[in-house]
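Trainee: Pasting a predicted model and its sequence here:
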Amino acid sequence: MPMRQRVMRMSVEQPMWRALAGYRVLTMLYAVGLFATGYDRFPRPGVAIAYYCVLSVWTVATLPKVANAASCTRRFLAADLTLALTGILLTPVADAQARIVDGGPTLPSIWTAGSVLAFALKGGWRWAAVASTAVAAANLVERGAPTRDTVHNVILVWVASIAIGYVVEVARASERTLARALEIEAVTRERERLARDIHDSVLQVLAMVQRRGAVIGGEAAELGRLAGEQEVALRTLVSGGLVPLPRASGGADGDTSGGTVVRTVEEADKADKDDEDTTGEPDGPVDLRALLAPYAGARVSLAEPGAPVLLRPAAAREVAAAVGAALDNVRRHAGEGARAWILVEDEPESVIVTVRDDGPGIPRGRLAQAEGEGRLGVALSIRGRLRDIGGTAELVSVPGQGTEVELNVPRDAGAVDTTGTADDTGRTRGAKGASRTRGKAENR
């Protein structure tokens, strides 16, 4: 079956970079406007005008540099912080000393905080501490003495930048953990899919060879013994074998600044139009009844609505395979003479398929024991299939009264809504209510 790789990029810090870019532009305009309103009070306005020209060009020209962590290089950060410190130290040259003593703003004003925040987003709280310390030292030099307002502003920038840097580090760690969890889940699902295929084919053949060999005897018995050993080994492998797990990665160079990249391999949906020419399968819904009809026989009764039960091909195939696994369990554990009934219900919000038998039922604790022994027919071939398509599989068994498995596929798992089936559905539900034993079948 064709497989495809899905690539997802997660970035919790990207919105912060966009906010920083906007902050730098707004604070640059604020600093220029603040100077314009007090222009006549500057003894040397030419120095301020020259600085603001450089600041404006730099802010606009370097917007791509603060688009993400990859483009925000160390060289840029050093140059940006140098421009901020230069503006602070030029303030006594452009402004009057009396205004500086009274707590007047520096030339870059609050634009300086944007430079410090860039350090925090790029390198975390340690880089933020270094940048904010440099800004604090420049402010103290500009004021000439540690005034109350200066200390207040320095502490505010220091605490804010370090806090933001710490939050960024935590967010990056959480992002990597989530990406790792997603890839582990994808690998686990792929392993379960392979285990289902092995269970539905190889393991059952090995079990049959073992039983038949024991009956025939002679060399066939030895062959059956070997088949039994391989069955046990293979069950152990598919139930708990080690699977190499991919690492969450970044770009081609391993950089995760643009977000963590999660690559998962998933089964291509044969209903996709891109695969229509290569798979030869329909791109529209299929009638579930057609897939279940081959299971009907002398000892298996099929009750279905009179109208088509439409599901997407992938969902219909998994439901039919789960029904086949349930019937295999009936034949293996309830005996060749056991009878089974398949009931299909086409509800407005879901499709329900019930498989019931009149066998001896499942002893209490047998299912957990079977799973511990590597017999994963229920866990993988039934429950796993339904879980992968967004459905559920409920199993109930009463010893001596048979077993029943109910497969429930929500309509959003791929079923296509139909009209004119209410009467059929109602009659089907009535039949179910009259004959239900409320038991479930499993691979013990």
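Mentor: Ah, there it is. Numbering: from 1, shown residues only.
Trainee: Spell out the secondary structure type for the closest residue to Arg331 other than its chain neighbours.
Mentor: Nearest residue to Arg331, sequence neighbours excluded (Cβ to Cβ, 6 or more residues apart in numbering): Ala338, at 7.5 Å. Backbone N, C-alpha and C define where each C-beta goes, glycine included. Three-state assignment for Ala338 (DSSP: H, G, I helix; E, B strand; the rest coil): coil.
Trainee: Phi first, then psi, for Ala338.
Mentor: Dihedral pair for Ala338: phi -70, psi 150, per degrees, to the nearest 10.
Trainee: Now for it, how many residues are close by?
Mentor: For Ala338, the count of nearby residues is 17 (other Cβ atoms under 10 Å).
Trainee: Offset the numbering so it begins at 16, please.
Mentor: With the count now opening at 16, the last piece we talked about shows up as Ala353.
Trainee: ok, now which ones touch it?
Mentor: The contact partners of Ala353, by Cβ atoms under 8 Å, 6 or more residues apart in numbering, come to Arg314, Val345, Arg346, Asp372, Asp373, Gly374.
Trainee: for the first one, what are its contacts?
Mentor: Okay, so that is Arg314. With contact taken as Cβ under 8 Å, 6+ apart, Arg314 is in contact with Gly352, Ala353, Arg354, Ala355.
Trainee: wait, isn't the third one in contact with Asp372?
Mentor: Yes: in this structure Arg354 lies within contact range of Asp372 using Cβ atoms under 8 Å: 6.7 Å.
Trainee: For Glu28, give me phi and psi.
Mentor: When read as degrees, to the nearest 10, the backbone of Glu28 gives phi -100, psi -10.
Trainee: which helices and strands does the longest helix seen in the chain pack with?
Mentor: For the chain, the longest helix by residue count, based on DSSP state H, is helix 163-213. Contact partners of helix 163-213 among helices and strands, from 3 or more Cβ pairs under 8 Å, 6 or more residues apart in numbering; DSSP states H and E: strand 18-25, helix 126-138, helix 140-158, helix 234-255, strand 275-282, helix 398-403.
Trainee: Return the list of strands paired to the helix or strand where Val420 lies, each annotated with direction.
Mentor: Assigned by DSSP states H and E, Val420 belongs to strand 418-425. Its sheet considered, strand 418-425 pairs with strand 365-372 (antiparallel), strand 407-412 (antiparallel) by DSSP bridges.
Trainee: on that earlier part again, the longest helix of the chain: how far from the chain's middle?
Mentor: For helix 163-213, the distance from its own C-alpha centre to the chain's C-alpha centre is 14 Å (Cα atoms, centre = their mean, to the nearest Å).
Trainee: What sits closest to Ile357 if chain neighbours are left out?
Mentor: With sequence-adjacent residues excluded and distances taken as Cβ to Cβ, 6+ apart, Ile357 is closest to Leu317, at 4.7 Å.
Trainee: so who does the one you found touch?
Mentor: Counted by Cβ under 8 Å, 6+ apart, Leu317 has contacts Leu307, Ala308, Tyr310, Ala311, Trp356, Ile357, Val359.
Trainee: Wait, a helix at it?
Mentor: No: counting by three-state DSSP, one finds Leu317 to be strand, located in no helix.
Trainee: how close does it get to Val359?
Mentor: Going from Leu317 to Val359 by Cβ to Cβ, to the nearest Å gives 8 Å.
Trainee: quick one: common contacting residues for these two?
Mentor: Common neighbours of Leu317 and Val359 (criterion: Cβ under 8 Å, 6+ apart): Leu307.
Trainee: before we move on, back to that, mind checking which of the strands paired with strand 418-425 is nearest Ala160?
Mentor: Among the strands paired with strand 418-425, strand 407-412 comes nearest to Ala160, with 72.2 Å by Cβ to Cβ.
Trainee: buried ones in that closest one?
Mentor: Ala408, Leu410, Val411, Ser412 (16 or more other Cβ atoms under 10 Å).
Trainee: can you check stretch 409-429 too?
Mentor: Buried residues in stretch 409-429, defined by neighbour count with 16+ other Cβ under 10 Å: 410-412, 417-426, 428-429.
Trainee: From these, which shows the smallest pLDDT?
Mentor: Ranked by pLDDT, the buried residues of stretch 409-429 bottom out at Gly429 (46).
Trainee: what ranges of the stretch 116-265 of the chain fall below the confidence cut-off?
Mentor: 162, 164, 207-216, 218-219, 246, 249-265 (pLDDT under 70).
Trainee: what do you get if the cut-off is 50, keeping everything else the same?
Mentor: Scanning the stretch 116-265 of the chain with the threshold set as pLDDT under 50 gives 256-265.
Trainee: ok now do the residue nearest to Arg158 when sequence neighbours are not counted, which residues does it touch?
Mentor: Among residues not flanking Arg158 along the chain, Thr165 sits closest, at 4.9 Å (Cβ to Cβ, 6+ apart). Applying Cβ under 8 Å, 6+ apart to Thr165 gives the contacts Gly118, Asn154, Leu155, Arg158.
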